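Visitor: got a predicted structure plus its sequence, pasted below:
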Amino acid sequence: MIGDDVEIIIVDVRGDKVRLGITAPKCIPVHRREIYDAIQREKSEKKESQKEQGKEPQARKEEKTGQQQDQETHHQPTEKP
């Protein structure tokens, strides 16, 4: 057990390989090391990209809002006879 919420069990042992089972609440991310490293690398690249573009994320947010308004305008419900 790790704390009160995370349980690690040995599922299988074959030669020099061990398979683990992990039970944890959904709010606790559980990843293999290589997956965790890839996620951290992507976050870092995204952050660097946003720094280089200045206030680009804000502009995109406003543009998306405009698109949503267009969709609402074009997809108004029609009355059926």
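Guide: Now that the structure is in, tell me what you want to look at. Computed from a predicted structure; not experimentally measured.

Visitor: the nearest residue to Pro25 once chain neighbours are set aside: neighbouring residues, count only.
Guide: Excluding its sequence neighbours, the residue lying closest to Pro25 (C-beta to C-beta, 6 or more residues apart in numbering) is Asp5, at 5.4 Å. No exception for glycine: its C-beta is placed from N, CA and C like everyone else's. Look at Asp5: counted by other C-beta atoms under 10 Å, it has 11 neighbours.

Visitor: Ala24 now?
Guide: For Ala24, using other C-beta under 10 Å, the count is 14.

Visitor: just Gln53 next, same as before
Guide: Neighbours around Gln53, by other C-beta under 10 Å: 11.

Visitor: one more: Asp4?
Guide: Around Asp4 there are 6 residues (other C-beta under 10 Å).

Visitor: part of a strand, is it?
Guide: No: with DSSP: H, G, I helix; E, B strand; the rest coil as the criterion, Asp4 is assigned coil and is not in a strand.
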